[in-house]
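1. Need a 3D model of the sequence below.
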Amino acid sequence: MMATAEAAKFQPAPEPERSIPEPLDPAGDMAAVPLNTEAGGFNGGTVLRPPILDEYKREPGPFSLKRYMYEQDGIPTFAGAPVALRKEDLVAGKVEVAFVGVPLDLGSGWRDADNAAAVMRAMYGMGGYDIYAGVDPAIELTLADYGNLRIDSMSVEMSVGHVRKMVGEMAGVGVVPFVVGGDHSIMFPTVAAMSDTYGADNVGVVHLDAHYGGERDLDHTYSDKQAVSRLIEDGVVKGKNIVQVGIRGAELTEEDLKWVKQQGVTVHSMAEVEAKGWDKVLDATLAQVKAGPKNIFISFDISVLDPAYATGAGRPAPGGLTMREAVPMVRRLCAETKVVGFEILDVAPMLDLSYATALNANYIMHACLTGIALHKKGLTQADYLSPLTSNRSK
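-> Next comes the predicted model:
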């Protein structure tokens, strides 16, 4: 009754076009967060810099920031990749995979996901030869670091549109975006970008997370807690095309689980892993993903790992996957399906007194890069074995 009385204080604005809404009831709530659309720099942060303003003229294409031939400690980029600034650079360089940072951390109650991209760029583990698969993805694939996208540090709602547009542009020129968040509210614009590019019926989502992301009726429109429900309710992707792995956490209720399954979402909880064993859950997941749409987007929240491997998770939950479970799974998903996008989210490095979280996050990214390289080469599951333990020739 008290909640109902408080809710009754709110009255919707009678004029939806009002750009700067004011409280209709001084004791109640505003119809929207007020914005000063007359500010000189309103939306200015998302204006792209044209080539004509470049200090040095160059032909389109990725370019290196290295000074030395065999540089180890120069200006950090993801996987040591060259830099691309514009869509034209991606096209001219025939880039296959481009990393992009989205430093947004307003959608969760925990903070510091905005530092993930910078820390992961400076941390090793994302590049090099994969001894388990026998390939070096940096040799097999054309990579680029596409920098960070502009976000509004005071509003998730003001950020999602630009992220959706920019990631969609990457996908639109045939690039596989590797998105480094940021919290899991980013899942909405990134998956939406895939849906815009390939069609809502043609995108399958693999969601690895401790949290199901299906909460509804929250105060804000976008948050990490409702990324999945927002995608489904807005018709961006069909629930039957979403497979979740690693779900646990006390916030999930029986009613929540019932609603998610009613939407057609397949949920592989950690309770199922404990009951059936990891191998059976992995095989079932791969079979379900392959039976769905051919274009696969993987959303990997670092909290799917047990906190022993990722103390710097935005919302950690005990009882998660080990690295020995997560890495082979990601490698196989990216090798055995057509991955059109990958994101790693909720890495909060300042919450980790060691370097383990960022290091493990980079290894997860490297596993998917390796898988995409295997997929490009047409190698089969038998080739996932290390060359050191198999008879496969190079």
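2. mean confidence for stretch 217-224?
-> What stretch 217-224 shows for mean pLDDT is 80.
3. who touches it?
-> Outside stretch 217-224, the residues that touch it by CB atoms under 8 Å, 6 or more residues apart in numbering are 107-108, 156-157, 160, 183-185, 187-188, 211, 213, 225-226, 230, 314-315, 345-346. All C-beta spots, glycine's among them, are computed from the backbone N, C-alpha and C.
4. repeat that for 7 Å
-> Identification of contacts with stretch 217-224 by CB atoms under 7 Å, 6 or more residues apart in numbering yields 107-108, 156-157, 160, 183-185, 188, 213, 225-226, 230.
5. what two of the residues you listed have the greatest distance between them?
-> Spatially, the most separated pair among the contacts of stretch 217-224 is E157 and G213, at 17.2 Å (CB to CB).
6. Those two: who's more crowded?
-> G213 (25 against 17; other CB atoms under 10 Å).
7. in which helix or strand would I find the closest residue to the more buried one other than its chain neighbours?
-> Nearest residue to G213, sequence neighbours excluded (CB to CB, 6 or more residues apart in numbering): V228, at 3.8 Å. Element membership for V228, per DSSP states H and E: helix 227-233.
8. Okay, buried residues for that helix please.
-> By 16 or more other CB atoms under 10 Å, the buried positions in helix 227-233 come out as 227-232.
9. ditto for stretch 219-227
-> Those would be 222-227, for stretch 219-227 by 16+ other CB under 10 Å.
10. Adding secondary structure and distance to K57, write the contacts of stretch 217-224 out as a markdown table.
-> Shown next, in a markdown table, are the contacts of stretch 217-224 (DSSP: H, G, I helix; E, B strand; the rest coil; distance: CB to CB, whole Å):
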| residue | secondary structure | distance to K57 |
| --- | --- | --- |
| G107 | coil | 40 |
| S108 | coil | 43 |
| V156 | coil | 38 |
| E157 | helix | 38 |
| V160 | helix | 35 |
| D183 | coil | 39 |
| H184 | helix | 41 |
| S185 | helix | 39 |
| F188 | helix | 38 |
| G213 | coil | 46 |
| K225 | helix | 47 |
| Q226 | helix | 46 |
| R230 | helix | 43 |
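11. coming back round to it: report all helices and strands that the helix holding V228 contacts.
-> When contacts are defined as 3 or more CB pairs under 7 Å, 6 or more residues apart in numbering; DSSP states H and E, helix 227-233 packs onto helix 187-198.
12. If we use 8 Å, what do you get?
-> helix 187-198, strand 242-247 (3 or more CB pairs under 8 Å, 6 or more residues apart in numbering; DSSP states H and E).
13. CA atoms only for the last one, dumped as CSV, please.
-> In other words, strand 242-247. Only the C-alpha atoms of strand 242-247 are listed here, as CSV (Å, rounded to 0.1, in the frame of the first residue of the first chain):
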residue,chain,number,x,y,z
ILE,A,242,19.2,-17.2,-26.9
VAL,A,243,21.2,-19.8,-25.0
GLN,A,244,22.4,-19.0,-21.5
VAL,A,245,25.2,-20.8,-19.7
GLY,A,246,26.5,-20.5,-16.1
ILE,A,247,23.4,-18.9,-14.6
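14. Residues contacting it, please?
-> Here strand 242-247 makes contact (CB under 8 Å, 6+ apart) with 204-212, 228, 231-232, 260, 264-270, 273, 281, 285, 288-289, 292, 304, 320-321, 329.
15. Tell me which of those fall in helices.
-> 228, 231-232, 260, 270, 273, 281, 285, 288-289, 329 (DSSP state H).
16. got a pLDDT number for S155?
-> pLDDT, read off for S155, is 85.
17. mind pulling up the phi and psi values for it?
-> When read as degrees, to the nearest 10, the backbone of S155 gives phi -160, psi 120.
18. Count the neighbours of R111 for me.
-> Neighbour count of R111, defined by other CB under 10 Å: 14.
19. tell me the SS of it?
-> Three-state call for R111 (DSSP: H, G, I helix; E, B strand; the rest coil): coil.
20. Need the nearest residue in space to it, chain neighbours excluded.
-> Nearest non-adjacent residue to R111, counting by CB to CB, 6+ apart: D105, 5.5 Å away.
21. three-state assignment of the spatially most central residue of the chain?
-> What sits nearest the mean C-alpha location of the chain, by CA atoms, centre = their mean, is E343, with 2.6 Å. Here E343 is recorded as strand under three-state DSSP.
22. so it sits right up against V180, yeah?
-> Yes: E343 is within contact range of V180, at 7.4 Å (criterion: CB atoms under 8 Å).
23. Regarding the protein, what is its longest helix?
-> Ranked by number of residues, the top helix in the chain under DSSP H is helix 356-377.
24. Kindly provide the whole-number mean pLDDT of that helix.
-> Here the average pLDDT along helix 356-377 is 97.
25. ok, back up a step: residues touching the residue nearest to G213, list them.
-> Counting by CB under 8 Å, 6+ apart, V228 touches 187, 207, 212-214, 242, 244, 260, 265.
26. ok, back up a step: and which of the ones in helices among the contacts of strand 242-247 is nearest to V33?
-> L231 (22.4 Å).
27. my guess is that closest one contacts T190, does it?
-> No: contact status for L231 versus T190: not in contact, 10.1 Å apart, counting by CB under 8 Å.
28. rewinding a little: pLDDT for the buried residues of helix 227-233 - can I get that in CSV?
-> Listed next are the buried residues of helix 227-233 as CSV, based on pLDDT from 0 to 100:
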residue, pLDDT
A227, 91
V228, 93
S229, 92
R230, 92
L231, 95
I232, 95
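29. Do you know the pLDDT at Q11?
-> Q11 is given a pLDDT of 59.
30. So, low pLDDT: which residues of this structure?
-> For the chain, the stretches flagged by pLDDT under 70 are 6-31, 107-110, 380-394.
31. can you pull out the strands in it?
-> 97-102, 143-148, 176-181, 203-208, 242-247, 266-269, 295-301, 338-345 (DSSP state E).
32. Name every strand pairing with the third one and say which way it goes.
-> Put plainly, it is strand 176-181. Here strand 176-181 is paired, per DSSP bridges, with strand 97-102 (parallel), strand 338-345 (parallel).
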